[in-house]
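**Student:** Mind looking at a prediction? Sequence and model below.
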Amino acid sequence: MKYEVPIWEKANLTLEEAAAYFGIGINKIRQLTNEKNCPFVLWCGSKRLIKRKAMEDYLSKEYSI
């Protein structure tokens, strides 16, 4: 059995899921997560996952990205 968790309930999102969820391009998300102390990236080996709630908080405080 394979379980499908809705994107809005996931704690961590792939770049593709984050781009679809937030309406931001994958390249822009990559650029934001390349910063040294990015508060919403979780590295799993070389794979980057986006902490959904942390990114929501980050975006709510930003004027422009």
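**Tutor:** Happy to help now that I have it. What you see is a predicted model, and the numbers here were worked out from it, not measured in a lab.

**Student:** Specify the local secondary structure of residue 31.
**Tutor:** Per DSSP: H, G, I helix; E, B strand; the rest coil, the local secondary structure of residue 31 is helix.

**Student:** Okay, it and residue 62: tell me how far apart.
**Tutor:** 14 Å (Cβ to Cβ, to the nearest Å). (C-beta placed from N, C-alpha, C; glycine too.)

**Student:** Centre-most residue in this structure?
**Tutor:** residue 50 (2.8 Å; Cα atoms, centre = their mean).

**Student:** Skipping adjacent residues, who's closest to that residue in space?
**Tutor:** Leaving aside its sequence neighbours, residue 50 sits nearest to residue 18 (Cβ to Cβ, 6 or more residues apart in numbering; 4.1 Å).

**Student:** where's that neighbour, which helix or strand?
**Tutor:** helix 15-22 (DSSP states H and E).

**Student:** Quick one: residues in contact with that helix.
**Tutor:** 7-8, 10, 13, 24-26, 29-30, 48, 50, 52, 55, 59 (Cβ atoms under 8 Å, 6 or more residues apart in numbering).

**Student:** quick check: mean pLDDT across it?
**Tutor:** Helix 15-22 comes out with an average pLDDT of 94.

**Student:** same question, stretch 53-65
**Tutor:** For stretch 53-65, mean pLDDT rounds to 91.

**Student:** What residues of it count as buried?
**Tutor:** For stretch 53-65, burial by neighbour count (16 or more other Cβ atoms under 10 Å) applies to 54, 55.

**Student:** same check, this time on stretch 26-42
**Tutor:** Buried residues in stretch 26-42, counted by 16+ other Cβ under 10 Å: 29, 32, 33, 38, 40, 41.

**Student:** Need the distance between the two termini of that stretch.
**Tutor:** With Cα to Cα, to the nearest Å applied, stretch 26-42 spans 16 Å between its terminal residues.
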